[in-house]
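S.K.: What shape does this take:
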Amino acid sequence: MLLCNGLGAPPAAWPQVTAPDGGFRVVSWSHRGLGGSERPADPTRVRVEDHADDARAVLDAFDLPSAAVVGWSLGVNVAFELALEQPDRVRAVLAVAGVPGGSSASVFAPYGVPRRWRPSAGRLGSRLLPVVGPLVPVLVAGLPPWQQLASLSGLLGPAREAAHPAALYQVLQEFSRHDWHWYRHLALAVAEHPPLDIAPVRCPVTFVAGSHDTLIDVADVRAAARAVPGSRLRVLAGTHFVPLQYPQAMAAELRALLARAPGVP
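M.R.: Just a heads-up that it's a prediction; the model follows:
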């Protein structure tokens, strides 16, 4: 499968999927200028469409005519760009904590920010990335909401699944090395990605959303799921970092999706 990861996230953010004994063959890449990848000579070449070009290049490099595609956050945009442009290369899509374009209108929904103000609020919030970026987003978003931690069901559910210190440490290490001024440049480019019409997508699709996600409005994920015939939607009591909070659920949803995908062993 092809992993279209969240912006600047390492494969370790998917503990049960990328583990050597997980049962999946995963190929992926680092976004332009992050994770050891070089910055493009043209700094404007960081649009979602450019990341989709990289996704195709990865498939070509591993001699994969097609693959199931897993997208998280920015990766959801990339996955659907690929599915629309070259449907023969995408056998299935697992779309986690993301929407197919128009993400700038999704931010801060749990805080009650009106939709018309969200793009401006997102740009304003991005100015803090160089200051708080190295630690706060992952430390806060990678843990279950306090309401979950304070309840018995939380301790038995997402809190238990979030107990992956080795994976969290690797994600923190990766994020701590980012140039956060460049990261903000990439994030602003993602925010300019317009909404996609995904109704033509015919491969099996599963959407997963976190009910406490501050970056993606669950209502927008529901709307995207309704746009794709036969798609599945699962909402978990989590944040934007649901792959770290619910690694077992991610692996289970992926296996169920692959069972629906034609030509996937």
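S.K.: Just the pLDDT for residue 147.
M.R.: Residue 147 carries a pLDDT value of 47.
S.K.: Sorry, wrong one. I was asking about residue 176.
M.R.: Residue 176 is given a pLDDT of 75.
S.K.: Also the one 4 residues further on?
M.R.: The predicted local distance difference test score for residue 180 is 85.
S.K.: I'd like to know the beta-bridge partner residues of the residue nearest to the spatial centre of the chain.
M.R.: The chain has residue 72 as the residue nearest its centroid, 1.3 Å off, counting by C-alpha atoms, centre = their mean. Bridge pairing for residue 72 (DSSP bridges) gives the partners residue 96.
S.K.: In contact with it, which residues?
M.R.: By C-beta atoms under 8 Å, 6 or more residues apart in numbering, the contact set of residue 72 is 4, 5, 6, 9, 13, 14, 96, 97, 98, 243. Yep, even glycine has a C-beta here, placed from its N, CA and C like the rest.
S.K.: and those residues, which of them are in strands?
M.R.: In strands, defined here by DSSP state E, the members of the contacts of residue 72 are 4, 96.
S.K.: which one among the contacts of residue 72 gets closest to residue 54?
M.R.: residue 4 (9.2 Å; C-beta to C-beta).
S.K.: so who does the closest one touch?
M.R.: 28, 51, 55, 69-72, 74-76, 78-79, 82.
S.K.: Just give the nearest non-adjacent residue to it, would you?
M.R.: Nearest non-adjacent residue to residue 4, counting by C-beta to C-beta, 6 or more residues apart in numbering: residue 75, 3.2 Å away.
S.K.: count of residues packed around that neighbour?
M.R.: 28 (other C-beta atoms under 10 Å).
S.K.: which of the residues in the one helix or strand it maps to are buried?
M.R.: Taking DSSP states H and E as the criterion, residue 75 maps to helix 74-85. Under the neighbour-count criterion of 16 or more other C-beta atoms under 10 Å, helix 74-85 has 74, 75, 76, 77, 78, 79, 80, 81, 82, 83, 84 buried.
S.K.: Tell me the gap between that helix and the middle of its chain.
M.R.: 11 Å (C-alpha atoms, centre = their mean, to the nearest Å).
S.K.: export it as PDB, just CAs?
M.R.: Coordinates of the C-alpha atoms in helix 74-85 are reproduced here as PDB (Å, rounded to 0.1, in the frame of the first residue of the first chain):
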ATOM      1  CA  LEU A  74      -2.800  16.300   4.000                       C
ATOM      2  CA  GLY A  75      -2.500  12.800   2.800                       C
ATOM      3  CA  VAL A  76      -6.300  12.600   2.300                       C
ATOM      4  CA  ASN A  77      -6.000  15.500  -0.200                       C
ATOM      5  CA  VAL A  78      -3.200  13.700  -2.000                       C
ATOM      6  CA  ALA A  79      -5.000  10.300  -2.000                       C
ATOM      7  CA  PHE A  80      -8.100  11.700  -3.700                       C
ATOM      8  CA  GLU A  81      -6.000  13.800  -6.200                       C
ATOM      9  CA  LEU A  82      -4.400  10.500  -7.200                       C
ATOM     10  CA  ALA A  83      -7.700   8.600  -7.300                       C
ATOM     11  CA  LEU A  84      -9.300  11.200  -9.500                       C
ATOM     12  CA  GLU A  85      -6.400  11.700 -11.900                       C
END
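S.K.: Appreciated, that's everything.
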